[in-house]
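Student: coordinates for the following, if possible.
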Amino acid sequence: MTPALRSLVSRLAVVALATPLAALILLVCTASASAAGSAAHARTVPPPRLAVTGASLIDASTGRVLWGIKANAELPIASTTKLMTALITLQHVRRLGTIFTQNDWTPAADDSQIGLDPGEKMSVHDLLVAMMLPSADDAAEDLAYNVGHHSVARFVAMMNAEARALHLTRTHYSTPIGLDTPGNYSSPTDLDLLAAYDRDHSPFFRRLVDTPAAKIHAGNSTRYVVNRNDLVGRYRWINGVKTGHTNDAGYVLVLSATRWGMTLISSVLGTSSEAARDANALSLIEYGFTAFHLDRAIRRNQVLARLPEQYSSQRAPVIALHPFSYVVLKTRAVHVVLHLPKQVTGPRARHTVVGEAIVYAGRQEVQRVRLVLARAVPAVSPVTKAARLLIQPSTLLWLALVVIVLAGYRARRRRHSRLGQAQAEERD
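Tutor: As a prediction, this is how the structure comes out:
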């Protein structure tokens, strides 16, 4: 806090109890100065140096891109294609216990698979586990064939329609599996956004991709599967999402993690090995948690101001019904400016909108939040209005002036009367 600002805050503090407007300005100045001071002492963290074809880091709650390398480039994505295969399956299959029959499909030699035979039966639940953890291509084929009503091509069309609906403008599918196929691509940011959507809209998906290992059943046999995303289980704060690998795509990983109330999702594409994939993914996600923090600018039901009630000595508390948090660089100050009337007049119902709070990150406006009354403001009777009006300092001043003028007028009349009597007596 600069000396000039510290002096201003001190002067406002003295008069804050007497002047509502000063109290409001004091609130904003103090919050701004505190945020500015915290930002000034934060250390600038340089972004990581990654050996990747493309990368992206987003805030999962808003989808806002925080950092990236060729974040919007259209790149081969390998088995991260299955993020959309899982989404379409979960949208169209209500009961995860539904049994599907494997179609007559022969996987390529280099396919990742769990060895499903044509005609073998397995639940949708276990097929999803097999597809998302060990990245089984035969499980993905099974789901696509059955959800697509015995047509993988129809399922792929559903995938592309959903990509358009989600505004994934750098994404197109030609396979539900993710093998190197012309027309099957996405961008690092689109992959992050799709992973965030999957996590938000399916608790099952969220639990599944956070599972290090599981067992699945086919008939009387049990298979044990392990998550190829080996960072899940090694780090408690990492909770997904999906790996991939092909010759064209290299090693790919979409990673989600939650720390300090903040969930970030990152993707790295085109790494050279599993070890390089993990190292690059960890560097990017750790950069996110080191350089950024979650600023809870406005909390739910937090009293942000107390407006004077006209014709009353009461003050009406003002709150925000909806909280607002913002993931921001630690070196960037977040502050809130309140736009409110000087007073409020009843009758006003509880939760009546009376103003707004504008949240700034630095000089950039990032959000406007409506402010409402925390309680109802009652109507004031005419008698109370008259009584309050009479005791107002300005009213009392005017009354005093009127009394003084009348008293002066009466004194003047008396002097004129006495003077007239004296002149009359002299004439007599």
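Student: so who does the residue lying closest to Ile58 once chain neighbours are set aside touch?
Tutor: Among residues not flanking Ile58 along the chain, Asp192 sits closest, at 4.5 Å (C-beta to C-beta, 6 or more residues apart in numbering). Bear in mind the C-beta positions are built from the backbone N, C-alpha and C, glycine included. Asp192 sits next to Ser56, Leu57, Ile58, Gly63, Val65, Val254, Ile265, Ser266, Ser267 when contact means C-beta atoms under 8 Å, 6 or more residues apart in numbering.
Student: pull out the buried residues from those residues.
Tutor: By neighbour count, with 16 or more other C-beta atoms under 10 Å, the contacts of Asp192 hold Ser56, Leu57, Ile58, Val65, Val254, Ile265, Ser266, Ser267 as buried.
Student: pull the most distant pair out of those.
Tutor: Greatest spacing in the buried ones among the contacts of Asp192, by C-beta to C-beta: Val65 and Val254 (14.3 Å).
Student: for the stretch 101-250 of the chain, which spans come out with low pLDDT?
Tutor: Within the stretch 101-250 of the chain, the stretches with pLDDT under 70 are 109-110.
Student: now the helices: where do they sit in it?
Tutor: Using DSSP state H, counting those that start in this stretch, the helices of the stretch 101-250 of the chain run over 124-132, 137-147, 152-165, 188-201, 203-208.
Student: alpha carbons only: can I get the fourth one in PDB?
Tutor: The reference is to helix 188-201. The C-alpha coordinates for helix 188-201 follow below in PDB (Å, rounded to 0.1, in the frame of the first residue of the first chain):
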ATOM      1  CA  PRO A 188      -5.100 -29.500 -27.000                       C
ATOM      2  CA  THR A 189      -7.700 -27.000 -25.700                       C
ATOM      3  CA  ASP A 190     -10.600 -29.000 -27.200                       C
ATOM      4  CA  LEU A 191      -9.400 -32.100 -25.400                       C
ATOM      5  CA  ASP A 192      -9.200 -30.200 -22.100                       C
ATOM      6  CA  LEU A 193     -12.700 -28.800 -22.600                       C
ATOM      7  CA  LEU A 194     -14.100 -32.200 -23.500                       C
ATOM      8  CA  ALA A 195     -12.500 -33.800 -20.400                       C
ATOM      9  CA  ALA A 196     -13.900 -31.000 -18.200                       C
ATOM     10  CA  TYR A 197     -17.400 -31.600 -19.700                       C
ATOM     11  CA  ASP A 198     -17.100 -35.400 -19.100                       C
ATOM     12  CA  ARG A 199     -16.100 -34.900 -15.500                       C
ATOM     13  CA  ASP A 200     -18.900 -32.300 -14.800                       C
ATOM     14  CA  HIS A 201     -21.700 -34.300 -16.400                       C
END
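Student: which of the helices of the stretch 101-250 of the chain sits closest to Val377?
Tutor: helix 188-201 (38.2 Å).
Student: what comes up buried for that closest one?
Tutor: Of the residues in helix 188-201, those buried (16+ other C-beta under 10 Å) are Pro188, Thr189, Asp190, Leu191, Asp192, Leu193, Leu194, Ala195, Ala196, Tyr197, Asp198, Arg199.
Student: same check on stretch 84-94?
Tutor: Buried residues in stretch 84-94 (16+ other C-beta under 10 Å): Met84, Thr85, Ala86, Leu87, Ile88, Thr89, Leu90, Val93.
Student: which residues does it contact?
Tutor: 124, 128, 131-132, 140, 143-144, 147, 155, 158-159, 162-163, 171, 173, 176-177, 194, 197-198, 201-202, 204-205.
Student: quick one: buried ones out of those?
Tutor: Buried among those (16+ other C-beta under 10 Å): 124, 128, 131-132, 140, 143-144, 147, 155, 158-159, 162-163, 171, 173, 176-177, 194, 197-198, 202, 205.
Student: got JSON lines for the helices of the stretch 101-250 of the chain, with distance to Leu50 too?
Tutor: Putting those into JSON lines (distance: least, C-beta to C-beta, whole Å) gives the following:
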{"stretch": "helix 124-132", "distance to Leu50": "25"}
{"stretch": "helix 137-147", "distance to Leu50": "28"}
{"stretch": "helix 152-165", "distance to Leu50": "26"}
{"stretch": "helix 188-201", "distance to Leu50": "11"}
{"stretch": "helix 203-208", "distance to Leu50": "26"}
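Student: and of these, who's closest to Pro378?
Tutor: Evaluated over these, closeness to Pro378 peaks at helix 188-201, with 42.2 Å, by C-beta to C-beta.
Student: okay, angle between that closest one and helix 152-165 too, please.
Tutor: Here helix 188-201 runs at an angle of 90 degrees relative to helix 152-165 (axes from the mean of the first three to the mean of the last three C-alpha atoms, to 10 degrees).
Student: run the chain-centre distance for helix 188-201.
Tutor: 14 Å (C-alpha atoms, centre = their mean, to the nearest Å).
Student: that helix vs helix 124-132, what angle?
Tutor: 150 degrees.
Student: what about the buried residues of stretch 84-94, which are in helices?
Tutor: Met84, Thr85, Ala86, Leu87, Ile88, Thr89, Leu90 (DSSP state H).
Student: using CSV, lay out the residues you listed together with pLDDT and distance to Phe289.
Tutor: Output for those, formatted as CSV (pLDDT from 0 to 100; distance: C-beta to C-beta, whole Å):
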residue, pLDDT, distance to Phe289
Met84, 98, 27
Thr85, 98, 30
Ala86, 98, 26
Leu87, 98, 27
Ile88, 98, 32
Thr89, 98, 32
Leu90, 98, 29
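Student: closest one of those to Ile358?
Tutor: Nearest to Ile358 among these, with distances taken as C-beta to C-beta, is Leu87, at 35.8 Å.
Student: how much space separates that closest one from Lys342?
Tutor: Using C-beta to C-beta, to the nearest Å, Leu87 is found at 51 Å from Lys342.
Student: hmm, Gly233 is touching Asp210, no?
Tutor: No - under the criterion of C-beta atoms under 8 Å, Gly233 is not in contact with Asp210, lying 9.0 Å apart.
Student: with neighbour numbers in mind, choose between those two.
Tutor: The residue with more neighbours, out of Gly233 and Asp210, is Asp210; 18 against 14, by other C-beta atoms under 10 Å.
Student: quick check: the more buried one touching Lys242?
Tutor: No - applying C-beta under 8 Å, one finds Asp210 not in contact with Lys242, separated by 11.7 Å.
Student: quick revisit: list just the nearest of the ones in helices among the buried residues of stretch 84-94 to Gly420.
Tutor: Nearest to Gly420 out of these is Leu87 (C-beta to C-beta; 104.4 Å).
Student: tell me how far the spatially closest residue to Leu143 that is not a sequence neighbour lies from His293.
Tutor: What sits nearest to Leu143 in space, not counting adjacent residues and going by C-beta to C-beta, 6+ apart, is Thr89, at 4.9 Å. According to C-beta to C-beta, Thr89 and His293 sit 36 Å apart.
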